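**Student:** Structure for this input, please:
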Amino acid sequence: MDFQAFDSAYVERLRAGDRDTEGHFISYFGELIALKLRSRLASRQAIEDVRQETFARCLHLLRSQSGVRNAERLGPLVNSICNHVLSEHFRSTSRMEPLDDQPADRFIAREPDALSRVITEDTRRIVRQVLETLPPRDRTILRAVFLEEREKDEVCREIGVTRDYIRVLLHRAKQSFREVYLQRTAGRQTC
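**Tutor:** Numbers count the residues shown, from 1 in each chain. Predicted structure coming up:
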């Protein structure tokens with residue numbers, strides 16, 4: 001995902017109710033909020049409730065008289081509103097003790113459950129098998145960039161290509177990987 005900077009013109013379009021800008025705002029922050037909430041909330045319904053409430057409050061604040069003072073800080077503002085909505089959600093669903101002085105972090109599962117570990121190991125095994133079936137150049141590029149997380153400039157020097165051409169090779173390697181991976185997993189059922 002590419003992170004975006006926001007300016008006052010963008011915020012003004014949101015305030016004016018521009019449909020395209022609103023669509024972009026909801027799409028962009030919707031992905032970020034969903035990523036954040038998936039690790040904190042168990043049900044899709046709870047995630048969707050918090051997400052929708054976050055957007056409702058953001059848009060209400062943007063259109064209010066006081067509005068947003070610093071358009072460049074729109075991302076942190078949305079994150080802060082999401083945190084408040086999340087805390088309220090935890091407070092409303094917790095019957096044993098209030099969360100007034102407790103961080104929401106205590107609800108994050110620190111250890112993966114048994115099913116997650118099995119799925120992760122199974123996925124790793126399949127990824128290793130798929131990588132082994134790819135041509136050596138594709139395998140080298142994918143391992144270096146994604147598994148070893150090496151700098152692309154370093155990978156370019158190693159395989160003797162330009163920075164522009166590594167994008168082409170990386171795209172082709174990902175495409176090859178995707179095709180083989182989908183063939184291998186076509187008969188498997190997902191939850």
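
**Student:** Any stretches of the protein with poor pLDDT?
**Tutor:** 1-3, 95-119, 187-191 (pLDDT under 70).

**Student:** Just say helix, strand or coil for the residue most central in space within it.
**Tutor:** Closest to where the C-alpha atoms of the chain average out (Cα atoms, centre = their mean) is L35, at 4.3 Å. Recorded secondary structure, L35: helix (DSSP: H, G, I helix; E, B strand; the rest coil).

**Student:** Let me see the contact set for it.
**Tutor:** Neighbour list for L35: empty [criterion: Cβ atoms under 8 Å, 6 or more residues apart in numbering]. No exception for glycine: its C-beta is placed from N, CA and C like everyone else's.

**Student:** cool, L169 as well?
**Tutor:** 137-138, 141, 159, 161.

**Student:** Select from the residues you listed the one having the most neighbours.
**Tutor:** I141 (24 neighbours; other Cβ atoms under 10 Å).

**Student:** Now do it against Q65, distance only.
**Tutor:** The gap separating I141 from Q65 is 54 Å, by Cβ to Cβ, to the nearest Å.

**Student:** now, the most widely separated pair of the contacts of L169?
**Tutor:** D138 and V161 (13.0 Å; Cβ to Cβ).

**Student:** and the nearest residue to L77 once chain neighbours are set aside, how many neighbours does it have?
**Tutor:** If the residues on either side of it in the chain are set aside, L77 comes closest to V68, at 6.5 Å by Cβ to Cβ, 6 or more residues apart in numbering. For V68, the count of nearby residues is 20 (other Cβ under 10 Å).

**Student:** give me phi/psi at V68?
**Tutor:** Taking degrees, to the nearest 10, you get phi -110, psi 130 for the backbone angles of V68.

**Student:** list the contacts for it?
**Tutor:** Going by Cβ under 8 Å, 6+ apart, V68 touches 11, 61-62, 74, 77.

**Student:** could you point out the longest helix in the protein?
**Tutor:** Ranked by residue count, the top helix of the chain under DSSP state H comes out as helix 163-185.

**Student:** re the thing from before, which of the contacts of L169 fall in helices?
**Tutor:** 137-138, 141, 159.

**Student:** How about I47: what's its closest non-neighbour residue?
**Tutor:** Leaving aside its chain neighbours, I47 sits nearest to L37 (4.5 Å; criterion: Cβ to Cβ, 6+ apart).

**Student:** Alright, calling it a day.
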